[in-house]
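> Sequence and predicted structure below; questions after.
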Amino acid sequence: MSPTMVILVTGVLCAAACSLLGTFLVLRRMSMMTDAISHAILPGLVAGYFLASGPNLLIGALGATGAAILTVTIVEALQRSRYLDGGSAMGIVFPAMFALGTVLVSRYFSDVHLDTDAILYGSIEFSFFDRFVFNGQDLGPQSVWIMSTLLVINVIFLSLFYKELKITTFDPGISAMLGFSPVLVHYSLMLVLSITTVGAFTAVGAILVVALVIVPAATAYLLTDRLIAMMSMSIVIGSVAAWAGFEFALRIDASVSGGMVTMLGLCFLLALLFSPRSGLVANVLRQRHNARRFAVDLLLMHLWTHETTDMEASESTLGHVSAALRWTPNHATGVIDRATDQNLIRNEGARLILTDAGRGQASMLLAG
Amino acid sequence: MNILSELIFDYTLRNVALGSMLLGIVSGVLGSFAVLRRQGLLGDALAHAALPGIAIAFMLTGSRSTIVLLLGAGIAGWIGTMLFLRIVKDTTISEDTALGVILSTFFGFGILLLTIIQNQNTADQAGLNRYLFGQAAALVASNVRTFAILGGLAFLILIVFYKEFKLLSFDADFAASIGLRIRSLDILLTSLLVVAVMIGLQTVGVVLMAAMVIGPGAAARQWTDRLVTMLVLAGCFGALAGVTGAVISVQGARLPTGPMIILALTTIVLVSLFFAPKHGYLPEYLRHRRNRRTLTAPDDTSVRDLREGGAA
């Protein structure tokens, strides 16, 4: 594989592994846990470095996973206090862990390379040069190995616990009644998330992990209501954004992680604006459509109420309609035009008369 | 005594301590509202969202002065806030996911811009990098003045709208029903948080800002049920953490100030969680145990009455 190919493959594998979990985190309203975990693993990494007296991938990862699980447990415990919600609990725990890690690094390891910048940015650019060497044999770039392993772990986890995850996510009460333990499922998900975050972050950095877990799933959530569709969409969105961000970053000579996240942001923004079911544009159009239909309905009901009464002649002129319904003359003309176009009313002289269709609709509306 | 005289006469320490104290007060008081409204992590998201603003302000002006960069940070943070409120209001996406999306995408975009600046200018951009992890040790008198002005303005607005903010935090539905414009109030209160974040970026940095916003309020909540008391306590806790962190970091070799402030704050939070007389874990546990004992004690008249089918 060429160096650029390695970066791309790492990015796409990471996107797939993260989006799979992200779907459930977004649905369970626990997205920010990724953010907390990705920062809280720092003291664990330092401890691993200390124990192994040097950089050792496995011991470092074990330490980091330990720190992640510790974080999840403390957050859960704090959350049980009535005065802290989950977000605040996270916001106290992970900065404390990160601060502890930073102090340890600057106190004991200021001469070694364990840079806090690299933890945030990652160094996916150099993924080609970190090789996985076993028995003196070069088996290819380490990052591709790590990300493939994580993807396999996540796929196995999801296929084993799909049913449990689904039911505890959508109805924790029912699931507990049926004998699935929401707590157990929660902790298993957190464990897998921790492992994924730790593994992915050595390859691509904390910020890309957080973005790849949350943003594709959130984007897919805007586009569909179905779980399977949401999972597949988020994998596709994550992978496409990873590829596009990579190409973009190469062109403008900037951070690849930054480029990938920027593309993810762009995908989300597009979905937010133009999603047919819940996009902002669709919302505005729907509101306008509803407002127009309501205005026509109101006009029909007004005419129907006064039809065949003494007041009919005076109540059904343009001027009176606009005064009675408190519409500006312009607005009233617009509504009357639309109602005429839909063949609900006729304009006879200065009077507005309901057609049969209009009368039917009005009586139906008023009959409730 | 030595520390005290240093605090007063040592120029560097005085500025660092004053700056950290101001940050503690402002973020503590404004953050209390975020804690009460269960939006603690908003501060975290805003701090991250500010990064592209710093980069763009630098790209546009070429200036590295604090006020220009903080203004950029504030504008970007504010745009992030507006987007957050819009997403939560107009879509089915939950608050925490909206925060995560804003936080990660703005920050990633900021990193992209920072690396562009880095690769274009051969000159160092350490001035920008300092906002990531904060650099309290580099605070000078002019920074402290800027903080004081920003914080003062925020407090002025807070005092003017105190009653409205209080109602919004505790019963937003009622506030809406009596005709308060809760949407505008929501925007205003959240925008004040942006001010706290602007002060915090230079002192503790993006990552640790979450704790500065949440910590003092969460600790203060344990000690009181009254809003005024809580705000004052939160300000005091924030100030205490700021000064303690600054002093400790000056004493010990190679102890970074920002993280030390956070660790001091964490200690305050832990003490409050466990030992605060009203809501602390320990007093609550003792109360429960005492109640259990009273209930099971055989010579307790009220229990005997109950057993015998009520007092005769």
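Ah, there it is. As the structure is a prediction and not an experimental result, all values here were calculated from the model.

> Could you pull up the contacting residues of residue B:107?
A:207, A:261, B:48, B:49, B:51, B:52, B:206 (C-beta atoms under 8 Å, 6 or more residues apart in numbering or on different chains). Backbone N, C-alpha and C define where each C-beta goes, glycine included.

> doesn't residue B:48 make contact with the last one?
Yes: between residue B:206 and residue B:48 a contact is recorded at 5.6 Å, counting by C-beta atoms under 8 Å.

> Let me know the helix or strand that whichever residue of the stretch 151-300 of chain A sits closest to chain B is in.
Nearest to chain B in the stretch 151-300 of chain A, going by C-beta to the nearest C-beta, is residue A:261, at a distance of 2.3 Å. Remark: residue A:261 resides in helix A:256-274, with elements defined by DSSP states H and E.

> same question, residue A:138
With DSSP H and E as criterion, residue A:138 is part of strand A:137-141.

> One more: residue A:322?
Short version: residue A:322 belongs to helix A:318-324, going by DSSP H and E.

> what about residue 275, how many neighbours?
Picking chain A for this. Residue neighbour count, defined by other C-beta atoms under 10 Å in any protein chain shown, stands at 19 for residue A:275.

> looking at chain B here, not the other one
Residue B:275 sits with 13 neighbouring residues when counted by other C-beta under 10 Å.

> Check residue A:73 too.
Neighbour count of residue A:73, defined by other C-beta under 10 Å: 13.

> tell me the SS of it?
Under the three-state scheme (DSSP: H, G, I helix; E, B strand; the rest coil), residue A:73 adopts helix.

> How much space separates it from chain B?
Counting by C-beta to the nearest C-beta, to the nearest Å, the gap from residue A:73 to chain B is 15 Å.

> wait, what's in contact with that residue?
Contacts for residue A:73 (C-beta under 8 Å, 6+ apart) come out as none.

> circling back: show me how to select, in ChimeraX, the buried members of the contacts of residue B:107.
To isolate the buried ones among those in ChimeraX, judged by 16 or more other C-beta atoms under 10 Å in any protein chain shown, type:
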select /A:207,261 /B:48,49,51,52,206
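
> Among the contacts of residue B:107, which pair sits farthest apart?
The most widely separated members of those are A:261 and B:206, with 14.6 Å between them, by C-beta to C-beta.

> show me the residues around the residue of the stretch 151-300 of chain A closest to chain B that make contact.
Shown in contact with residue A:261 (C-beta under 8 Å, 6+ apart): A:207, A:208, A:211, A:215, A:245, B:104, B:105, B:107, B:108, B:109, B:111, B:112.

> okay, now the last one: neighbour count?
It refers to residue B:112. Neighbour count of residue B:112, defined by other C-beta under 10 Å: 26.

> again with the second one
In terms of burial, residue A:208 registers 34 neighbours under the definition other C-beta under 10 Å.

> And the pLDDT at it?
On the pLDDT scale, residue A:208 is placed at 87.

> And for it, nearest residue in space, chain neighbours not counted?
Nearest residue to residue A:208 in three dimensions, chain neighbours excluded: residue A:257, at 4.3 Å (C-beta to C-beta, 6 or more residues apart in numbering or on different chains).

> hang on, the one you found packs against residue A:206?
No: between residue A:257 and residue A:206 there is no contact under C-beta under 8 Å: 9.3 Å.

> So the two - more neighbours on which side?
residue A:257 (31 against 26).

> quick one: residue A:353 is in a strand?
Yes: counting by three-state DSSP, residue A:353 falls inside a strand.

> Ramachandran coordinates for the residue nearest to it when sequence neighbours are not counted?
Once flanking residues are discounted, residue A:353 sits nearest to residue A:346: 5.0 Å by C-beta to C-beta, 6+ apart. Per-residue torsions, residue A:346: phi -120, psi 150 (degrees, to the nearest 10).

> who touches residue A:346 in this structure?
A:340, A:352, A:353, A:354, A:355.

> filter these to the buried ones?
Buried subset of the contacts of residue A:346 (neighbour count, 16+ other C-beta under 10 Å): A:352, A:354, A:355.

> What separation is there between residue B:17 and residue B:139?
Per C-beta to C-beta, to the nearest Å, residue B:17 is found 9 Å from residue B:139.

> What of residue A:243?
As defined by C-beta to C-beta, residue A:243 lies at a distance of 43 Å from residue B:139.

> what does residue A:292 give?
Counting by C-beta to C-beta, the gap from residue A:292 to residue B:139 is 58 Å.
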